[in-house]
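Asks: Please find the sequence and the predicted model below.
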Amino acid sequence: MPEESILSDDFIRELMNVGEVDILVGVPTYNDAATVGQVVQAIRAGLLKYFPRKRAAIINPDGGSRDATQDLVRAASISDMQHASNPQALRTLHSISTTYGGGAATSRGLYAILAAADLLHCAACTVISPSSINIDPEWIPRLLQPVSQGEFDLVTPVYRRHKFDGLLVRNLVYPMTRALYAKQVREPYPSEFALSGSLASHLFSLNLWTQHEGRDGAELCLTISAITGGYKIAQAFLGTKPRVDHAPSDLVAAMREGVGTLFSSLEEYPNWMASTTSQTVPTLWGEPEVMLEPLRVNRKRLYELFRSGVAELEPILTSIVSTSTLEHLQHLATVPEQEFCYSNELWVKTVYEFAASYHKAVINRDHIIQALAPLYRGKTYTFLVENRDAPGDEVERHVEELCGVFEHMKPYLGEIWNGGK
């Protein structure tokens, strides 16, 4: 990703006018006028209340919004004259926006934020999603204080989530990342997080921004880079994560960004083979929680998509998974719905065989990711059924059991990585 494609001369001049800062807040946007005003005002309130003596700036890389997004961000600026009535608030708050082409490309926005953090020599940087309408000013110190005080280099969030929210993370991205890289980071693909200046500069210097995984799964790359680089990591409880309903057509795109990036990381960071049993990371301000409100989910549709996917994709699956795994999947596709259960062991074996085949590029890599989608739907069906009436602690126990299987079976991935299926 060429630096000049995002860092325009005007943007660089604005950054130079800001000068060095203590704290940088990045808000990447694209047509977010409906929510971004509320978000930046909460950011501004948090900075004024908890960091009144710090030099701070809000940076807004925008993908070419056609609404009032950028104007709403710029409105968060505060001049020195506005502080006259408040002797505690000594600093100017700059809020500047820059435009890059290409729409909602969060990786390009993140790249611009890291570039600004490096140029302004900030001590701490946080990135906030413009769609986080539940944000309150408390998020700012919860994310930034552990970094600004020099205790940690990366702070990722944990939330109060509905038990059927974040299913791709719970059933694949979190347990596999944990097994591979031996850190129990609950949200390895975070929408909000904080970085130390040194980690931000390190990430800015990496080549991943020109690579596929850097373009499509930048936040996950960031987490894995911090873990493998030995940076100090913590988690901060931010409260309730609003549930976002995604259309079924979004699943493959989500898997490209999350699963494709995770599979690619195994080549970028080969030390995963030597990593040991996973370690917890400090969690601040509270533990993750599970909400139990009733929620209608079309489980039957997931079951049917699994069955049809196994049948239709048989020639492709033959190239990807072992004969025994394929036989188990084909048998599972014949099981009546009320008896259907995609076991943790079969799921982990499936995922690891997909990862090894992705590494070997036995067929087009994107086709491999797409072929995993109907199988993931089958695992999702099982998760929904086993947790339908489960209390929060039982849901957490089920997630922990799956993580344990991913860790226990990791040697199998090592065996098939360069060998046969």
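Replies: Okay, I see it.

Asks: what residue lies at the spatial centre of the chain?
Replies: Taking C-alpha atoms, centre = their mean, the centroid of the chain lies closest to residue 189, which sits 1.4 Å from it.

Asks: quick one: contacts for that residue?
Replies: With contacts defined as C-beta atoms under 8 Å, 6 or more residues apart in numbering, residue 189 is in contact with 169, 173, 217, 219-220, 223, 257-258. No exception for glycine: its C-beta is placed from N, CA and C like everyone else's.

Asks: can you do 6 Å?
Replies: For residue 189, the contacting residues are 173, 219-220, 258, by C-beta atoms under 6 Å, 6 or more residues apart in numbering.

Asks: tally of neighbours for residue 92?
Replies: Residue 92: 18 surrounding residues under other C-beta atoms under 10 Å.

Asks: For it, give me the pLDDT.
Replies: The model reports residue 92 with a pLDDT of 75.

Asks: Also residue 204?
Replies: With respect to pLDDT, residue 204 scores 92.

Asks: For the nearest residue in space to it that is not next to it in sequence, give me its contacts.
Replies: Nearest in space to residue 204, with sequence neighbours left out and distances taken as C-beta to C-beta, 6 or more residues apart in numbering, is residue 114 at 4.1 Å. Taking C-beta under 6 Å, 6+ apart as the contact definition, residue 114 lies against 200, 203-204.

Asks: Closest to residue 338 out of those?
Replies: residue 203 (48.5 Å; C-beta to C-beta).

Asks: Now residue 97: which helix or strand?
Replies: Element membership of residue 97 [criterion: DSSP states H and E] is strand 93-99.

Asks: for that strand, packing partners?
Replies: helix 9-18, strand 56-62, helix 69-74 (3 or more C-beta pairs under 6 Å, 6 or more residues apart in numbering; DSSP states H and E).

Asks: With mean neighbour count, mean pLDDT and distance to residue 302 added, can I get the ones you listed in TSV?
Replies: Shown next, in TSV, are the helices and strands packed on strand 93-99 (neighbours: other C-beta atoms under 10 Å; pLDDT from 0 to 100; distance: least, C-beta to C-beta, whole Å):
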stretch	mean neighbour count	mean pLDDT	distance to residue 302
helix 9-18	14	86	45
strand 56-62	27	93	36
helix 69-74	21	89	35
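
Asks: Residue 305 contacts residue 377, correct?
Replies: Yes: with contact defined as C-beta atoms under 6 Å, residue 305 and residue 377 form a contacting pair (4.8 Å).

Asks: shaky segments in this protein?
Replies: Along the chain, segments meeting pLDDT under 70 span 1-6, 78-91, 102-105, 210-215, 243-249, 421.

Asks: Which segments of it make up each domain?
Replies: According to automatic domain parsing, the chain comprises the domains 3-291, 299-417.
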